[in-house]
Structure formats: C-alpha cells, structure tokens
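# Can you look at this prediction? I've put the sequence above it.
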Amino acid sequence: HFSETVAAGLEQFDVIGIAGNKRRIPHQPAWCFVDKKLTWDDKCNLTGRVGHGASAFGQLSEFGAVPAACELLDGVFLATHKHTLTAHSVLFDPQFDFHFYDMDFCRMARKSGLTLGTWPVHLTHQSGGVFGSINWEVSCLCYLDKWDNQTLHSETTYNFSPIEIIKIDPSNYFKTGNAPYYIYGFDYDEKSSGIRVLHLLCHILNIHGFEAYIRADTTSSELRTPRLTTEIMRQHYLARLKPIVIYPEVIFGTPLEIGVVVRYLLNKPGYLRGEKLFKKNELLFAYQTIFFGETDCKNILLIPASNPEKFKPLKNNNKPRSGKYYYYNRLLSKGGKLQPMPDDAQEISPQNPRKLDELSDLFKSAELLYCYESSSIATEALLCGCPVIYLPNNEMLPTFPEGPFERNGAAWGDSTDEILRAKNTVHKVRQKYLELFDEFHVQLTEFINITQKTSKEMLFNECFKAEVVKKYGWPIVNTFKP
C-alpha cells in the first residue's frame, strides 16, 4: 500500500519524507547534525525511521516519533505533487547534484510557504551516507554560502583535507624527515594551466606536511610555494636527505642532476617540446591517460587546477545567457586557421588574454564558448554553466578531447543538434568535477608512497654522484651509509 501511504501523507503535508528535523539552526550542515564535526542534534528535535542494510527490511534506525512537522528532511526519500512545486516555483538547484540537494530543496520549499513533514513510509537504504568527504565539504561550502552568507575560502585556495599517510611516533622526533620535493617549474602565470598545476602540486605537498620547493623566480603570494635555491639543496645534501625532483615532460634531461627523478607528463611527450621517451630510472606520472604517449607510464596524478569556488554559476539567476566567445592559443603557431565566427563573438587568445577573475565573470553569463583546442578554459566555462563548442581542426583538435566529463556540456562542431545537447547537459559537469577531488586524493597518496619509498631505497651516492657534487662545489660527505 505504498502509493496509498504516500497519498495520505500528502494530504497532511505539502512535502513528505521518512526522516527529518523539526528545527533548523544557522550553519547546519545536515538535517541530523548541528555542526561540521557531525555532532548529532538532540533526539527531541529529530523524527523518522529508516531501514539500513543490503536488502529489504534492513535494521531499523529510529530517530523520533512519526509523523511530525519538519524544517528539514532527509533526501533519501522525498514525495510531493508536481503541481505543488510548479505553483510555488520550487525547483532543485542544479549546483547540488548529489550532496545538499535535499537541504537546499527544503529551504526553498519552506521559503515558499510549503509544509514539510515525516510520514511512516517503510524504506531500506543501502548506504549510511558519505558525510565529510571532499565532495561533501565543497558542496557544504556552496550551500552555506547560498543560505547563510558564510564566507568561503580564498578564491585561490582549495579545501584539501589531511591525508593519513605518515604515522608519527616519538622516536621520529630525533630522525631526519621525509625526502623533500623539488619541482622544476616555470614562473607563475595564471593563464597557463600547466604552470598552475606545478605550483599547486608544490602548495599541496606543503599543506600536507611535506617539504616542497619550486624552481621559479616568480611565485603566487597566495600559495605555499617556497623557491628552490642552491643553498637549500646544499643543506639537504649535508643532512643526507635524498630529494625527489619533479620535471614536466617539456624539460630536456635532468638539469639539477640529483635525486629521485619524477617525470610529470602534463601533455603528450614531445608534442610541445622535450623528449618522447625517458630513462628507465625515471618515475612517470601523467595528468591524464591521453598523455601517456609512447611511454610505459601507468600512474595518474590529475590535480583539479580550476577553483570551483571562483568558477560557478550565478545563484538564483533566471536571466537568459548572452555573449559568445572564441578561444585559441597555439592554433596559429601550429599552422591552423580561424574559422568564421558569429559577428558578436569576442576573442580570447594570447593577443587578447583575460585574467581568471575576468573569465569567471564572463562565463557566468555567457551563452557559448568556441574552442579551437583543449584547455582548462573550457573546464572553467563549463563550471560556470557555459556550454563549450569544440571546433574540429587538424592542427589542435583532430578528435574530440575526451576527459572526465564525457561529452556533457560540450559540442563537437557547431551543428544545431550538438549545441542543443551541450546546453541540456552542461549542468552535469560541476558534480563530476567535484568528484575529481576525491579521486585526486587517492592518486596523491599513491604518488607520495611511491616517491618516498623510492627515495628511501636509493643509495646516497646514486642520488648525489661525485662529479655532480664537485660541480656544485659541495664538500664530500660519507657515502657508505644507504
């Protein structure tokens, strides 16, 4: 009698659920918790019952008497009449694809004067929830920003939660720490996604408690990216620390000539410059599988380099999108040509660059972005809800640029059908992008484990060859220890 039970509930309330909270407090991160430490609310404020288990009729969790009027309902089950939502213009906000869709929906419903309540509907849920994940944290910030006007993190920082990688015991207080990381980078330039990735990697390693430096003269004041100097290298050498040196694929050879060598493939080897193959003793990590090239790389380290708090759709905006833009970077230098563009389309290129803040403002209201090549600018447009039209060309885009978003929000060519499909699916991109943060943490853990283990096993005199030490003008230290 499921349908009859639901119908009876909707005679009593406009929206019903099976679990909820009779009250709502400021900055509340879930219907049942009062803070981000996941502290349960007093039982007198909770109502409902939910079965949990792998099959039907799972073990029952009792939260409080049912039925009861509520301010918040658990999204595991929500029921209402379509005409009720239509009459009050209550919709799901597409920025909350998984986490916080229920909290946001309940707030919208209550703001519109609808009544919420629990009802004795029998249901078994196979999940206990994923509160506290990176994805959940990011969605929580978006929700609190929308409803409680809570200040978000800095536009250029990321909410990476700590990773439990090192077990520290008192004996380690008197031992030399982990191997430091040297990142052979370039001067910071926010317009280059590859350069941003290198600087972000340095920043992320530092905020996770590792010692990381970047070889660059210009750094970002908003990232923890200390500059690598010869003196720092000398001090590590004298302390018998064996550094892990990370080179992007565009660097020929190993200019520093020391340490455990890691090659980070931010593009297909040899495509921009650099070698196509690397020495067998180099550890290979690629940003995406399409960058493996002819190498035997098997490791992925995809750092989400576009800030989802900078690039996000406008809140509560029902205005039609307007404005078209087209982007190219290396197309002309590779011998390509521009295609005829709509008369009102504006250029974004090396000749007409835009800062990230400006791009964020443009894409939040733009109708379309035409791209002649794959770039992070496409991701940033998609995150703002702006569909992307990839323009096929032999020089830069011979095939569709496959990635983590599948083909959501992106058209292959400018046909009417493709553009319509892109517009109808662009809302799916944001959730898929936020999921990359969780995947990245797994990859980062593996990256650290592999590189630290390799450094530990490497002989000191292999890490610092005598002729290189002499070239640097450093004193010879005992090389008989491992």
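All right, it came through fine.
# To which secondary structure element type does residue 469 belong?
Secondary structure, DSSP: H, G, I helix; E, B strand; the rest coil: residue 469 is helix.
# can you pull the pLDDT of it?
On pLDDT, residue 469 comes in at 94.
# That one touches residue 461, doesn't it?
No: using C-beta atoms under 8 Å, residue 469 is not in contact with residue 461, being 9.2 Å away. C-beta here means a position set from N, CA and C on the backbone, and glycine is covered the same way.
# Settle it for me: which of those two has more neighbours?
residue 469 (19 against 15; other C-beta atoms under 10 Å).
# Just give me the neighbour total for the closest residue to that one other than its chain neighbours.
Closest residue to residue 469 apart from its sequence neighbours, by C-beta to C-beta, 6 or more residues apart in numbering: residue 476 at 6.5 Å. Per other C-beta under 10 Å, the neighbour tally for residue 476 reads 9.
# How about residue 353?
12.
# again, but for residue 54
Using other C-beta under 10 Å, residue 54 has 7 other residues around it.
# Using the three-state scheme, assign it.
Residue 54 ends up coil, using three-state DSSP.
# Next: residue 336.
Taking three-state DSSP, the label given to residue 336 is coil.
# Could you check how far it is from residue 410?
Noted for residue 336: a distance of 19 Å to residue 410, by C-beta to C-beta, to the nearest Å.
# The two: which is more packed in?
Per other C-beta under 10 Å, whichever of residue 336 and residue 410 has more neighbours is residue 410, with 25 against 18.
# ok, residue 325 touching residue 348?
Yes: in this structure, residue 325 is within contact of residue 348 by C-beta under 8 Å, at 5.5 Å.
# low pLDDT regions in the stretch 351-482 of the chain?
Counting by pLDDT under 70, the low-confidence segments of the stretch 351-482 of the chain come to 478-482.
# residues contacting the nearest residue to residue 41 once chain neighbours are set aside?
Excluding the flanking residues, the one nearest residue 41 by C-beta to C-beta, 6+ apart is residue 34, at 5.1 Å. Residues in contact with residue 34 (C-beta atoms under 8 Å, 6 or more residues apart in numbering) are 25, 28, 40, 41.
# filter those to the buried ones?
The neighbour-count test (16 or more other C-beta atoms under 10 Å) applied to those identifies 28, 41 as buried.
# Quick one: the helices in this structure, in order.
2-12, 82-88, 101-111, 134-147, 193-207, 230-238, 356-363, 376-383, 416-425, 429-457, 460-463, 466-472 (DSSP state H).
# Is it possible to get a markdown table of the ones you listed that adds distance to residue 395?
Output for the helices of the chain, formatted as a markdown table (distance: least, C-beta to C-beta, whole Å):
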| stretch | distance to residue 395 |
| --- | --- |
| helix 2-12 | 58 |
| helix 82-88 | 49 |
| helix 101-111 | 42 |
| helix 134-147 | 36 |
| helix 193-207 | 19 |
| helix 230-238 | 40 |
| helix 356-363 | 24 |
| helix 376-383 | 17 |
| helix 416-425 | 21 |
| helix 429-457 | 26 |
| helix 460-463 | 42 |
| helix 466-472 | 41 |
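# And residue 326, how far from residue 286?
For residue 326, the distance to residue 286 - C-beta to C-beta - is 29 Å.
# the more surrounded of these two?
Remark: of residue 326 and residue 286, residue 286 carries more neighbours, 24 against 20, as counted by other C-beta under 10 Å.
# Next up, the contacts around the nearest residue to residue 406 once chain neighbours are set aside.
In space, and not counting its chain neighbours, residue 406 is closest to residue 432: 7.9 Å by C-beta to C-beta, 6+ apart. Counting by C-beta under 8 Å, 6+ apart, residue 432 touches 404, 405, 406, 408.
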